[in-house]
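Q: Below are the sequence and a predicted model; questions follow.
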Amino acid sequence: MKFNKLILAASAAMAISGQVSAEELKFANFTPPFHTINASVIERLNNDLSAATNGSLTVRGYHGGELGAGPVEQYVRVLQGAADLAWGLPGYTSSQFGKTMIAELPGAIPEDMPGYEALWRAYDKHLSKEFPGTKPLALWTSEPNIFIMRNKIIRTPADLAGLKVRVAGATAAEVATALGATPVQMPISQVYNAMQTGLIDGVITGASTLRDFKLDEVADALTLGAPLGRLTFYTVLNGGVYADLNAKQKAAVDAASGAGLSKSAEDAWMKTATAALEVARGDSANSVVELTAEEKAAFTKAVSGVVQSYVKSVGGASTLAAMQGK
């Protein structure tokens, strides 16, 4: 009887010990849980880490800004420990990510080259210093940017004259300026209301936002094919949190992150964009413009100087070459 009691006591102690050693990482998500980021990154990380550590390391998503409002503060939120993990856009704090944002420029990454591969190719030597205090788990790009407009059909750069167009960051702002538009920087979460109220005429962003941020409800004109670049994204883990993990947990994080997680995110963005465009084309209330080769050439000429000037301004010639695999 005493022996059985000892076994029960030991089992209870082990269970308590296991509970103490288990760790749940808080992932800050400024978007609703239906957003593409949830299944492609947050849930994937949770599944992979939980499986690799027998449940001692898990990830819980805190959606809709539950850990703090404001997409712009995502990186700082991780540094300050309000969240262990977060995702965001370098463009929201462009000055921090000068070289990372080269990937957003028109033609910087060839259209047939995965953006995540380009970013990781340049990371160690050129981009790592732009991510202080964190361990990047995923770096990826969006589908090609398009014009998403309200009551404005864009076929030529001249059609943008005097229009207020939302952009995510500094690189897109230079593109919009080169095309004759007035760039307005704001988080994507504010775009719906800004378009609905007429504060802006449209936005330069990917088609995935038609679904993820319901822009299909306030936009009625899309223009595809202009060289407008892409968006870049990150998912980062607090560096101190990573350092405090045990060896097995660190190995699990290493295995679950990097190119594989980045590809999951980028593929998901592309899938969401494709589905959103299909729905948009099927809506008779929308005007969907597919630029001809000649029309595209006019936009290409208008933005031709943007890439060189921006790359020079951040001393990024070697970074661009690394992204392109040169």
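A: Thanks, I have it.

Q: pLDDT below threshold where in this protein?
A: 1-21 (pLDDT under 70).

Q: Determine the longest helix present in it.
A: helix 259-281 (DSSP state H).

Q: what's that helix packed up against?
A: Counting contacts by 3 or more CB pairs under 8 Å, 6 or more residues apart in numbering; DSSP states H and E, helix 259-281 is packed against helix 36-37, helix 43-52, helix 115-122, strand 134-141, helix 209-212, strand 221-224, strand 232-238, strand 287-290. No exception for glycine: its C-beta is placed from N, CA and C like everyone else's.

Q: Domains in the chain, by residue range?
A: Per automatic domain parsing, the structural domains of the chain span 22-143+231-271, 146-230+286-323.

Q: can you redo the ones you listed as TSV with distance to residue 280 and mean neighbour count?
A: Listed next are these as TSV, based on distance: least, CB to CB, whole Å; neighbours: other CB atoms under 10 Å:
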stretch	distance to residue 280	mean neighbour count
domain 22-143+231-271	13	20
domain 146-230+286-323	5	19
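
Q: Now distance to residue 278 too, for those domains, in TSV please.
A: TSV is the format used below for the domains of the chain (distance: least, CB to CB, whole Å):
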stretch	distance to residue 278
domain 22-143+231-271	11
domain 146-230+286-323	10
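
Q: pretty sure residue 26 is touching residue 78, no?
A: No - counting by CB atoms under 8 Å, residue 78 is not a contact partner of residue 26; they are 9.6 Å apart.

Q: list the residues that contact both of those two?
A: 84, 85 (CB atoms under 8 Å, 6 or more residues apart in numbering).

Q: now the helices for this structure?
A: 2-21, 36-37, 43-52, 74-79, 115-122, 170-178, 191-196, 209-212, 239-244, 247-256, 259-281, 293-302, 304-313, 317-323.

Q: okay, those helices in a markdown table with distance to residue 87 next?
A: Shown next, in a markdown table, are the helices of the chain (distance: least, CB to CB, whole Å):
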| stretch | distance to residue 87 |
| --- | --- |
| helix 2-21 | 27 |
| helix 36-37 | 6 |
| helix 43-52 | 11 |
| helix 74-79 | 7 |
| helix 115-122 | 13 |
| helix 170-178 | 19 |
| helix 191-196 | 18 |
| helix 209-212 | 12 |
| helix 239-244 | 16 |
| helix 247-256 | 15 |
| helix 259-281 | 8 |
| helix 293-302 | 30 |
| helix 304-313 | 24 |
| helix 317-323 | 21 |
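
Q: Nearest to residue 137, out of the ones you listed?
A: helix 259-281 (5.9 Å; CB to CB).

Q: still on that earlier bit, what are the contacting residues of the longest helix of the chain?
A: So helix 259-281 is contacted by 36-37, 39-41, 44-45, 114-117, 119-120, 137-143, 206-212, 216, 222, 224, 233, 235, 286, 288 (CB under 8 Å, 6+ apart).

Q: tell me, what residue is most central in this protein?
A: residue 233 (2.8 Å; CA atoms, centre = their mean).

Q: Bridging across strands, which residues link to that one?
A: residue 140 (DSSP bridges).

Q: What residues does it make contact with?
A: Counted by CB under 8 Å, 6+ apart, residue 233 has contacts 87, 88, 89, 90, 138, 139, 140, 141, 142, 265.

Q: go with 10 Å
A: 37, 41, 87-91, 115-116, 119, 138-142, 262, 265-266, 269 (CB atoms under 10 Å, 6 or more residues apart in numbering).

Q: among the helices of the chain, which is nearest residue 151?
A: helix 191-196 (9.7 Å).

Q: what comes into contact with the closest one?
A: Contacts of helix 191-196 (CB under 10 Å, 6+ apart): 148-151, 164, 166, 168, 184, 186, 199-203, 205, 209, 213-215, 217-219.

Q: do that again at 8 Å, thanks
A: 150, 166, 184, 186, 199-203, 205, 209, 213-215, 217-219.

Q: ok, back up a step: for the helices and strands packed on helix 259-281, which one sits closest to residue 326?
A: helix 115-122 (10.0 Å).

Q: from the chain's centre, how far out does that closest one sit?
A: 14 Å (CA atoms, centre = their mean, to the nearest Å).

Q: Having no further points to raise, I will conclude here.
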